[in-house]
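[1] Everything below, folded, please.
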Amino acid sequence: MNRTDRLYAIVEHLRSVAPAPRTAPALAARFEVSVRTIERDIAALQQAGVPIYASPGRRGGYAVDRAMTLPPVNFTPAEAAAVALALARAGSTPLRAAARTALPKMMAAMTEVDAGAARRLASRIRLYQQATATDGPPLAPAAVEEAIVAQLVVVLDYQDKTGARTERVVEPLAVLGLEPNWYLAAWCRLRQAVRSFRLDRIHGARLTGETAPEREMDLRSLDVPDMVLGPPLLE
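    Next up, the predicted model:
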């Protein structure tokens, strides 16, 4: 069994016996590897966002929170490969950190047969990159992603198209994708109006800890020349 298949199998085994824990030696015996290998595998799964926790004591061990995991998901191999391709191209999006943890969770929730077929299909899809390394446009600070996800007021160090830098206290409303750029649409407390901020022009950000108030916003009213608003990503 290769490591990817073993990681999937560990999650499925812990899920099947939850909430009962399993010790590292018991898992090592089941999967015919060393205890050290199991401990590395558990650490990798936890870093990928799988809700595995350790309980101390003679009857302790590793357990998974069933309420926070998925049963086997009926993605077809082609659907899984398509999701993997979309996530691989998410490097410039404002949710790039979430994209890195989404794929392992999806693969862990698929049946072993379908996950293997998806990996074989995905191996026949390759993305080209620049031969010489380039810095590319700067990415938005992690605080911006957290502000968008948690709907928190954030203070931006923003540089406009003229090069002028100002500090803006904003309430996130939506994220706009106008290829190749991404924008944060937010209520700007300085201007007392909705403004859009290009993510690669945000030089710094800090969270205030304040929850942004609910504001009505009709995205269709935004004036974006030569662009048509696409449908919601999830319906």
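
[2] what residue ranges in the chain score low on pLDDT?
    67-73, 91-92, 129-139, 219-227, 233-235 (pLDDT under 70).

[3] how close does the closest residue to T23 other than its chain neighbours sit to S55?
    Counting by CB to CB, 6 or more residues apart in numbering, T23 lies nearest to G61, which is 4.0 Å off, once chain neighbours are set aside. Just so you know, the C-beta spots here come from the backbone N, C-alpha and C atoms, and that holds for glycine as well. G61 sits 7 Å away from S55, going by CB to CB, to the nearest Å.

[4] rewinding a little: report how many residues lie close to the residue nearest to T23.
    18 (other CB atoms under 10 Å).

[5] so what sits against both of G61 and S55?
    P21 (CB atoms under 8 Å, 6 or more residues apart in numbering).

[6] related to what we said a few turns ago, test my guess that the residue nearest to T23 contacts R22.
    Yes: with contacts defined as CB atoms under 8 Å, G61 counts as touching R22 at a distance of 4.9 Å.

[7] what helix or strand is the residue most central in space within the chain on?
    Residue closest to the average C-alpha location in the chain (CA atoms, centre = their mean): A98, at 1.1 Å. Using DSSP states H and E, A98 sits within helix 96-108.

[8] what comes up buried for that helix?
    Using 16 or more other CB atoms under 10 Å as the test for burial, helix 96-108 gives 102-108.

[9] How about stretch 153-169?
    Counting neighbours by 16+ other CB under 10 Å, stretch 153-169 gives 153-156, 158-159, 168 as buried.

[10] and of these, the nearest to R40?
    V154 (36.4 Å; CB to CB).

[11] before we move on, what SS does the closest one have?
    Here V154 is strand, with the state taken from DSSP: H, G, I helix; E, B strand; the rest coil.

[12] I figured it hits A147, correct?
    Yes: counting by CB under 8 Å, V154 does reach A147; the two are 3.8 Å apart.

[13] any common contacting residues for the two?
    Joint contacts of V154 and A147 (CB under 8 Å, 6+ apart) are 172, 205, 207.

[14] Tell me which of the residues you listed fall in strands.
    172, 205, 207 (DSSP state E).

[15] Neighbour count and distance to N74 for the residues you listed - can I get that in CSV?
    Listed next are these as CSV, based on neighbours: other CB atoms under 10 Å; distance: CB to CB, whole Å:
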residue, neighbour count, distance to N74
P172, 22, 34
A205, 21, 39
L207, 15, 38
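
[16] Brilliant, that's me finished.
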